[in-house]
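> Here you go, sequence then predicted model.
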Amino acid sequence: MELDAIESQSAYLDYNATAPMRPAALTAMHEALSAVGNASSVHHHGRSAAGRVDRARRSLAELLGCSPGEIIFTSGATEANNLALHAAYAGQQLIVTSAVEHPAVLETARALTCGTPDSLTILPVDRYGQLDTEALNASFLGRDVSLVSLMLANNETGVITDLSPMIEAAHSAGALVHTDATQYVGKLPLDLGELDVDLMSLSAHKFGGPQGVGALFIRRGIRLPQRPLTFGGGHERGWRAGTLNVPGIASLGAAAEAAKRNLLEDASRSTKLRDLLEGELLSRLPGSYVNGAGAPRLPGVTSITFPGAPADAVLSSMPDVAASDGSACAAGAPSPSHVLIAMGLSREDADATIRFSLGYSTTEQEVRRAVASTVQAVTHVQALMSATAGP
């Protein structure tokens, strides 16, 4: 079947990998691409470009509940995570993070501390993917801590971390707090006036903006040395050199406006569709189970294990459904999901896990199509695996 035909009949349930661009975001990008002007220039065209950037900064700030001056635009959450950790780590101090973080945090932390156990503590999670505040407090004992970096919502399971007690404990120990909120922003209400993190990362393409643009929130007034990853003209108040991606930033701002306008409605609808998907699959495929069930989770995310059915084989058997084998960011990795292993899954079950993620434009028809295809594919693969295994 031709690719276009497959896409026209497919169910796109991979929003955590990248969400479809919102119509308003596409319009904003097209308008900015059709114009000319460098936001650093002082003539009319430059001021017009700068105006688009300013509007986007205000729109994102309204979505996050912060000041526009606390936002630094980046190429995405990976860069924002790197920028945050490089700035916050003073050397010869401790970074505390968790076993279920995105590689953009885990690998950056390992690189900064050169893998030294005395400089990096990776906290375990329970079988629901949640952290223990007591374990966090214990990691501080007798230590000089520079940074605690804990994600707000997990990209594979959708499990939400209750950061408030973690933030209080970290600040009491004199540490800065960073959160990777990439999967949370634009999906549930967020008020940085109440969530007292010092640094927060995000990407536009997770909530309907374009790929290749994101932001780092830096709370005004915190003591943080400026350690840019790139050097040049001092753009973004010296935090990130380079000509601003005006079309991408304008599109991010439009996506932020649209997400804020429909936030509660989209969250409610995504939750109902997620619950429909889970209920149908669990009832039709005995033995399957949801990872993180019982813990607070994002509205449209579910990680389901189908024992005896390797996820890569299942996904190959249902080309009309777009979903992910664990995290799309780690696609093709030879090892199983580090998140699922940290939650206690065996390697076999981790390899038999599929993440479905829904969003603002997901329809019930797509969900029911995905259910039918998944049931057929899992049943087929389980039968093949059983036959191959023999008596």
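Everything's here; your move.
> Name the residues of the longest helix along the chain that are buried.
When the chain is parsed with DSSP state H, its longest helix is helix 364-389. Buried residues in helix 364-389, defined by neighbour count with 16 or more other C-beta atoms under 10 Å: 366-367, 369-375, 377-379, 381-382. Just so you know, the C-beta spots here come from the backbone N, C-alpha and C atoms, and that holds for glycine as well.
> do the same with stretch 104-121
Neighbour-count burial for stretch 104-121 [16+ other C-beta under 10 Å]: 104-106, 108-110, 112-113, 119-121.
> From Ser303, how far off is Thr353?
6 Å (C-beta to C-beta, to the nearest Å).
> Next: Glu156.
Taken as C-beta to C-beta, the span from Glu156 to Ser303 is 6 Å.
> Ok, Val100 next?
Counting by C-beta to C-beta, the gap from Val100 to Ser303 is 11 Å.
> Let me know the helix or strand that Val177 is in.
Taking DSSP states H and E as the criterion, Val177 maps to strand 176-180.
> Name every strand pairing with that strand and say which way it goes.
Partners of strand 176-180 in the sheet, by DSSP bridges, are strand 145-149 (parallel), strand 199-203 (parallel).
> With mean pLDDT, mean neighbour count and distance to Arg58 as new columns, can those be given to me in JSON lines?
Formatted as JSON lines, those follow (pLDDT from 0 to 100; neighbours: other C-beta atoms under 10 Å; distance: least, C-beta to C-beta, whole Å):
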{"stretch": "strand 145-149", "mean pLDDT": "95", "mean neighbour count": "24", "distance to Arg58": "27"}
{"stretch": "strand 199-203", "mean pLDDT": "98", "mean neighbour count": "29", "distance to Arg58": "16"}
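> Against Val42, how distant is Ala35?
For Ala35, the distance to Val42 - C-beta to C-beta - is 16 Å.
> and the gap between the closest residue to Leu26 other than its chain neighbours and Gln211?
Leaving aside its sequence neighbours, Leu26 sits nearest to Ser251 (C-beta to C-beta, 6 or more residues apart in numbering; 7.3 Å). According to C-beta to C-beta, Ser251 and Gln211 sit 10 Å apart.
> So which of those two has more stuff around it?
Using other C-beta atoms under 10 Å as the criterion, Ser251 and Gln211 rank with Ser251 on top: 32 against 14.
> give me every residue that touches the more buried one.
21, 25-26, 28-29, 32, 204, 209-210, 213 (C-beta atoms under 8 Å, 6 or more residues apart in numbering).
> Of these, just say which sits nearest to Ser75.
Lowest distance from Ser75 to the contacts of Ser251 (C-beta to C-beta) belongs to Val213, with 6.5 Å.
> what's the burial count for the residue nearest to the closest one when sequence neighbours are not counted?
Distance criterion C-beta to C-beta, 6+ apart; nearest residue to Val213, sequence neighbours excluded, is Gly248 at 3.6 Å. For Gly248, the count of nearby residues is 26 (other C-beta under 10 Å).
> And the strand or helix carrying Gly248, what's buried?
In this structure, Gly248 sits in helix 246-261 according to DSSP H and E. For helix 246-261, burial by neighbour count (16+ other C-beta under 10 Å) applies to 246-260.
> so who does Leu340 touch?
Applying C-beta under 8 Å, 6+ apart, we find Leu340 in contact with 156-157, 291, 303, 305, 326, 349-350, 353.
> mind listing which of these are in helices?
Checking those against DSSP H, those in helices are 349-350.
> I'd like the contacts of Leu340 written out as CSV, with pLDDT and distance to Asp54 added.
Shown next, in CSV, are these (pLDDT from 0 to 100; distance: C-beta to C-beta, whole Å):
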residue, pLDDT, distance to Asp54
Glu156, 97, 36
Thr157, 98, 37
Asn291, 98, 42
Ser303, 98, 39
Thr305, 98, 46
Gly326, 66, 39
Asp349, 97, 49
Ala350, 97, 45
Thr353, 98, 43
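> nearest to Pro165, of the contacts of Leu340?
Closest to Pro165, out of all of those and judged by C-beta to C-beta, is Thr157, at 20.4 Å.
> Now for the closest one: which residues touch it?
When contacts are taken as C-beta under 8 Å, 6+ apart, Thr157 is in contact with 100, 129, 291-292, 297, 301, 303, 339-340, 343, 355.
> quick one: which of these sit in helices?
339-340.
> closest to Arg52 among the contacts of Thr157?
Val301 (31.8 Å).
> Spatially nearest residue to the closest one (excluding sequence neighbours)?
Gly158 is the one closest to Val301 (C-beta to C-beta, 6+ apart), at 2.9 Å.
> number of nearby residues for the one you found?
28.
> That one reaches Gly359, doesn't it?
No - here Gly158 lies out of contact with Gly359, judged by C-beta atoms under 8 Å, at a distance of 11.9 Å.
> Please, where are all the strands along this protein?
11-12, 71-74, 94-98, 120-123, 145-149, 176-180, 199-203, 214-218, 289-290, 301-305, 321-322, 353-357 (DSSP state E).
> residues near Gly174, how many?
11.
> so it sits right up against Val145, yeah?
Yes - judged on C-beta under 8 Å, Gly174 makes contact with Val145 at a distance of 6.6 Å.
> hang on, the earlier thing: so for Ser251 and Gln211, which residues contact both of them?
Ala204.
> What are the structural domain limits within this protein?
3-18+263-389, 23-261 (automatic domain parsing).
> roughly how far is the first one from the heart of the chain?
Yep, that's domain 3-18+263-389 we're talking about. 17 Å (C-alpha atoms, centre = their mean, to the nearest Å).
> again, but for the last one
Centre-to-centre, domain 23-261 and its host chain are 11 Å apart (C-alpha atoms, centre = their mean).
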